[in-house]
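Participant: mind folding the following:
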Amino acid sequence: MGKREVDLGTEACPIPPDPSRRRRDPWNSGTIIMSVSLSMMIVSNLFMIIVPPTLILPPAVLPPPPPTGSNMLLTKTDGSGNINWSYSYGGLGSDRGFTVIQTIDDGFAVVGSTDSFGMNAYSIWLVRTDRNGYLIWNRTHGSLENQYGYDIVELADGGFAITGSVQTPTQSTDVILIRVDFLGNKLWEKTFGGPLSDVGHSIVRCMDGGLAIGAVTSSYGAGSSDMWLIRTDANGNLLWDRTYGSPERDWANSLIRLRDGGFAFVGYSQSGGQNDASLIRLDSQGNPMWNGSYGDSESQRGWTAAECRDGGFAIVGSEGVGGTEDGWLGRTDSDGDMLWSVTYGGFGSDAGYSVVECENGDFVIAGKDAGNLWLGRTNDEGGLEWSIAFDGIHSGLGFLLTGCRDGGFAFTGRILTRASMSRSLEKLSDSRSAEVENSIFECDVIPCFRFLQRTIVVFRESQPDCAFSQQ
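Facilitator: Model (predicted):
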């Protein structure tokens with residue numbers, strides 16, 4: 001465990017210039033860069049080539065360079081899944097969002113990874129937008145080792161804390177904790193880990209202003225991997241840590257903070273070659289209160305959970321049989337006893353990665369459908385009311401869905417450059433028959449520039465607004 005002295009962070013993706021004012025960086029904490037042989041800046045429909053001062057060329061109308069890889073995507077929908085707006089952010093490499101949160105000013109913060117910008121193959125990338133998805137600022141945080149940002153939390157002063165992983169010189173990984181101010185400038189950085197691989201998957205803010213990281217460790221604990229809870233003060237100094245696991249493999253995908261100040265780990269445990277979903281309830285000091293294990297198939301994994309208004313939990317993840325997986329939603333009481341569970345899926349590999357509870361007891365789930373992003377809404381017993389498959393958007397892993405204060409949703413992920421995104425809505429009628437409507441969004445992704453997709457709204461339905469607690 002230790003502290004690394006690193007740079008404040010670099011602004012990666014240039015913000016298009018506003019002719020009405022000049023952009024200023026009072027801290028001079030970052031420089032605008034692009035990881036290509038010739039730097040380019042988009043000005044309206046023109047490309048300005050930056051060349052050595054000895055050679056002056058006028059602006060020329062040039063076609064954009066052929067993009068490769070993928071871009072980070074941020075999409076906002078209403079409560080029925082209709083797209084309000086959708087933007088991508090990125091360069092010529094592979095860029096993606098893992099987690100999105102809504103900020104106190106109703107904007108958004110997305111954390112992910114990029115190899116288009118930064119110091120090495122992959123850097124942590126933090127993107128900050130306003131409520132309409134317009135880029136306010138962005139920062140990369142990295143060093144000579146690969147770094148990935150998996151989760152983010154907003155703090156009382158408007159800054160953020162990020163967790164993820166950093167590659168060590170021995171090619172293992174350590175948990176990383178980064179604190180940035182309200183402009184994304186790095187204030188400090190801590191790492192936690194041992195001789196083997198350790199990864200931070202989720203982070204929450206505690207009632208005393210400190211932080212708690214949900215991690216997976218192979219360096220400590222009883223088995224090949226264990227769940228690891230790291231508790232720090234507001235400055236990232238370690239207060240205490242605990243591991244939870246068996247002699248076999250235990251994996252933590254998320255940590256959630258509960259209303260009473262305690263925590264819940266969500267993940268899975270391996271026993272005899274079979275994976276069972278796990279939900280471990282902890283008090284504020286990390287002491288286990290109960291441990292729920294759920295498995296009806298060869299492989300059942302929990303990804304995250306939402307604490308429900310009655311004190312129970314809604315868990316999402318995957319259930320696999322015979323080499324395929326379906327999305328899985330389980331509902332428990334406050335003691336972790338399963339009340340009901342349902343699966344959703346087709347012929348491909350499906351999983352649920354995020355869940356929010358609506359004000360009327362419905363649930364909204366985000367996950368993957370054969371690798372593409374899937375959004376679905378259920379009633380309070382798990383019955384599917386509608387689902388939307390966004391072909392062309394790759395969900396990856398992470399907490400890719402957040403409930404917005406206006407009753408809608410925002411999700412992140414990655415979209416392949418030069419891709420077309422299609423939206424397929426399946427609405428279930430009272431007779432449970434399916435009505436399918438489709439629309440296509442033509443996406444021409446411009447490297448290092450945001451874009452607005454042309455949206456075609458094909459379905460609107462009045463839905464009860466969702467209310468969400470911001471942790």
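
Participant: before we move on, which element is Asp326 in?
Facilitator: Under the criterion of DSSP states H and E, Asp326 resides in strand 324-332.

Participant: ok, that strand: who's next to it in the sheet?
Facilitator: Applying DSSP bridges, strand 324-332 is found paired with strand 313-321 (antiparallel), strand 338-344 (antiparallel).

Participant: show me the contact partners of stretch 170-177.
Facilitator: The contact list for stretch 170-177 (C-beta atoms under 8 Å, 6 or more residues apart in numbering) reads 124, 147, 161-168, 189-193, 195-200, 203, 211, 213, 215, 228, 230, 232, 236. In short, each C-beta sits where N, CA and C put it, glycine included.

Participant: how far away is the closest residue to Gly348 other than its chain neighbours from Gly142?
Facilitator: Once flanking residues are discounted, Gly348 sits nearest to Ala370: 2.9 Å by C-beta to C-beta, 6 or more residues apart in numbering. Ala370 is 32 Å from Gly142, where distance means C-beta to C-beta, to the nearest Å.

Participant: wait, what's in contact with the residue nearest the centre of the chain?
Facilitator: In the chain, the residue lying closest to the centroid (C-alpha atoms, centre = their mean) is Thr99, at 1.7 Å. Taking C-beta under 8 Å, 6+ apart as the contact definition, Thr99 lies against 110-112, 149-152, 398-400, 412.

Participant: ok, those residues vs Asn138, which is closest?
Facilitator: Of all those, Asn138 sits closest to Val110, with 9.0 Å by C-beta to C-beta.

Participant: okay, and the closest one sits in which element?
Facilitator: In this structure, Val110 sits in strand 108-114 according to DSSP H and E.

Participant: next, the angle from the following helix or strand past that strand to strand 108-114.
Facilitator: Sequence order places strand 123-129 as the next helix or strand after strand 108-114, per DSSP H and E. Orientation check (axes from the mean of the first three to the mean of the last three C-alpha atoms, to 10 degrees): strand 123-129 against strand 108-114 gives 160 degrees.

Participant: lowest-confidence entry in the contacts of Thr99?
Facilitator: Of all the contacts of Thr99, Gly398 has the smallest pLDDT value, namely 56.

Participant: low-confidence ranges, the chain, go.
Facilitator: Low-confidence segments of the chain (pLDDT under 70): 1-68, 120, 392-399, 417-471.

Participant: how does it look with 50?
Facilitator: Residues of the chain that meet the criterion pLDDT under 50 lie in 1-8, 13-67, 429-471.

Participant: the longest strand in this protein is where?
Facilitator: The longest strand of the chain (DSSP state E) is strand 384-394.

Participant: that one packs against which elements?
Facilitator: Contacts defined by 3 or more C-beta pairs under 8 Å, 6 or more residues apart in numbering; DSSP states H and E place strand 384-394 against strand 70-77, strand 372-378, strand 409-416, strand 420-428.

Participant: which one of those strands lies nearest to Asn291?
Facilitator: For these, the distance to Asn291 is smallest for strand 372-378, at 26.0 Å, taking C-beta to C-beta.

Participant: and the angle for the closest one with strand 324-332?
Facilitator: 30 degrees.

Participant: sheet partners, orientation included, of strand 372-378?
Facilitator: Its sheet considered, strand 372-378 pairs with strand 363-369 (antiparallel), strand 384-394 (antiparallel) by DSSP bridges.

Participant: out of these, which one sits most buried?
Facilitator: Most buried of those by mean neighbour count (mean count of other C-beta atoms under 10 Å) is strand 363-369; its value is a mean of 26.

Participant: quick check: angle from that strand to strand 409-416?
Facilitator: Put simply, strand 363-369 runs at 10 degrees to strand 409-416, going by the same axes, to 10 degrees.

Participant: just how off-centre is strand 363-369 within its chain?
Facilitator: Computed by C-alpha atoms, centre = their mean, to the nearest Å, the chain-centroid distance of strand 363-369 equals 13 Å.

Participant: what do you get for stretch 85-101?
Facilitator: 10 Å.

Participant: show the end-to-end separation of it, please.
Facilitator: 16 Å (C-alpha to C-alpha, to the nearest Å).
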